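Participant: With the sequence up front, the predicted model follows.
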Amino acid sequence: MASDHSLVAVIDFGTTYSGYAFSTRSDYKTDPLKIHANQAWNAGGRQLLSLKTPTVLLLDKNKEFVSFGYEAENQYSDLMIEQEHEEYYYFHRFKMKLHKNIHLSAATVIEDITGKSALAMDVFAISIQALKDHLIEELDKKGTTMTVKDIRWVLTVPAIWTDAAKQFMRKSAEKAGIPDENLLLALEPEAASIYCQYLPTDKLNGADEGFSMAEVGPQYMIIDVGGGTVDVTAHEKQQDGKLKELCKAIGDACGGTSIDNEFFQLMVKIFGAPLMNSLSENDPSAYLFREFETVKRTINPKKSGKISLSLYILCARRILGKIYLALCRLVP
């Protein structure tokens, strides 16, 4: 779609992690792969090599925004140590609430980790707004001052999302302050396919000798493995750079969180369900899963041997929390 916007910003709203990227019109003309993304998501003492932040939202007792991402995880953990968390709302991994929800509407509610409910559209809208505001702030810091209306906004969604789920995401983005006329929805595997058109062939792992994305006729498959869903689709390069979808996108809820769930069940077998359930309820900032996420990224088909995880952080944090509460009782 033609537009005169000088900057395009994309919000990738994921099941486990979310982030954004942007490119100016001038950069695109000289180098289409010159894409900027925030690289300073701060996980506190557990810095991950990630361009994204956890899809975690913390609201106060009035359901007003407190924090998002790593900051929300850390703040809620501190609130729990001080036993001040009960009136707060803590949402994580809530994107999949839209998957196969045939009754999705503006009145749909979702529950936080303690069972307290809120309107799903409010939770999604506030989360999108947090990412949007963070991007605007980063642009201001770089001296690229722009208003929301100056930007062409793109929100990515899984290809297997229903029309109702896509419409729900659009309405959420509008509620987050993104004008409808400035907003486009992009299917995640299609966005990846378009990106691949600009990559040198030697950057495409598994490409046969002689394969070229620039020529008309090549057929290829895109497998988008996300946190919640896996999308699979096939494209064929057409004239004038256009793409033909060879078959309808298929997939299901079998993304990276499925591996996390299996890992959790392994921990249940080792430590028992009562302890692991207690950790889930009393330490939702998921320090255990942060450690697992770091190790998980080192796995490849050629790797063998044992995998080590550091669990001392969990124990130390819980012990320090108890010491802190004990000291508080001693102070008059």
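Facilitator: Looks like it arrived, so ask away.
Participant: Low-confidence regions, the stretch 101-250 of the chain specifically.
Facilitator: Judged by pLDDT under 70, the stretch 101-250 of the chain has its weakly predicted residues at 201-214.
Participant: which stretches of the stretch 151-300 of the chain form helices?
Facilitator: With DSSP state H, counting those that start in this stretch as the criterion, the stretch 151-300 of the chain has helices at 163-175, 188-196, 256-271, 273-282, 287-296.
Participant: TSV for those helices, including mean neighbour count?
Facilitator: The C-beta positions use only the backbone N, C-alpha and C, and glycine is treated the same way. TSV is the format used below for the helices of the stretch 151-300 of the chain (neighbours: other C-beta atoms under 10 Å):
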stretch	mean neighbour count
helix 163-175	18
helix 188-196	18
helix 256-271	14
helix 273-282	13
helix 287-296	19
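Participant: Quick one: closest of the ones you listed to Ala37.
Facilitator: helix 188-196 (12.9 Å; C-beta to C-beta).
Participant: Other residues contacting the closest one?
Facilitator: Defining contact as C-beta atoms under 8 Å, 6 or more residues apart in numbering, one finds that helix 188-196 is touched by 10, 12, 154, 156-159, 204, 213, 220, 222-224, 226, 231-233, 235, 243, 249.
Participant: can you check stretch 103-113 too?
Facilitator: Residues contacting stretch 103-113 (C-beta under 8 Å, 6+ apart): 89-92, 94, 97-98, 101, 117-121, 123, 162, 164-165, 168, 171, 280-281, 284.
Participant: hey, what's the closest residue to Leu183 other than its chain neighbours bridged with?
Facilitator: Using C-beta to C-beta, 6 or more residues apart in numbering and skipping residues adjacent in sequence, the residue nearest Leu183 is Trp153, 5.0 Å away. Beta-bridge pairing for Trp153 (DSSP bridges): Ala9, Leu183.
Participant: hang on, Trp153 packs against Ala173?
Facilitator: Yes - using C-beta atoms under 8 Å, Trp153 is in contact with Ala173, at 7.2 Å.
Participant: Now do the shared contacts for those two.
Facilitator: 11, 183.
Participant: Tell me where the stretch 1-150 of the chain has helices.
Facilitator: Under the criterion DSSP H, counting those that start in this stretch, the stretch 1-150 of the chain contains helices at 25-30, 70-81, 120-141.
Participant: For Leu183, find the nearest of these.
Facilitator: The closest approach between Leu183 and any of these, judged by C-beta to C-beta, belongs to helix 120-141 at 10.4 Å.
Participant: So for the closest one, what gets flagged as buried?
Facilitator: 120-132, 134-136, 138-139 (16 or more other C-beta atoms under 10 Å).
Participant: Likewise for stretch 69-77?
Facilitator: Buried-residue list, stretch 69-77, by 16+ other C-beta under 10 Å: 69-77.
Participant: can you dump the C-alpha coordinates of it into CSV?
Facilitator: Below are the C-alpha coordinates for stretch 69-77, written out as CSV (Å, rounded to 0.1, in the frame of the first residue of the first chain):
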residue,chain,number,x,y,z
GLY,A,69,8.2,-6.9,30.0
TYR,A,70,11.2,-7.6,32.2
GLU,A,71,10.4,-4.7,34.4
ALA,A,72,6.9,-6.2,35.1
GLU,A,73,8.5,-9.5,36.0
ASN,A,74,11.0,-7.9,38.4
GLN,A,75,8.5,-5.5,40.0
TYR,A,76,6.0,-8.3,40.6
SER,A,77,8.6,-10.5,42.1
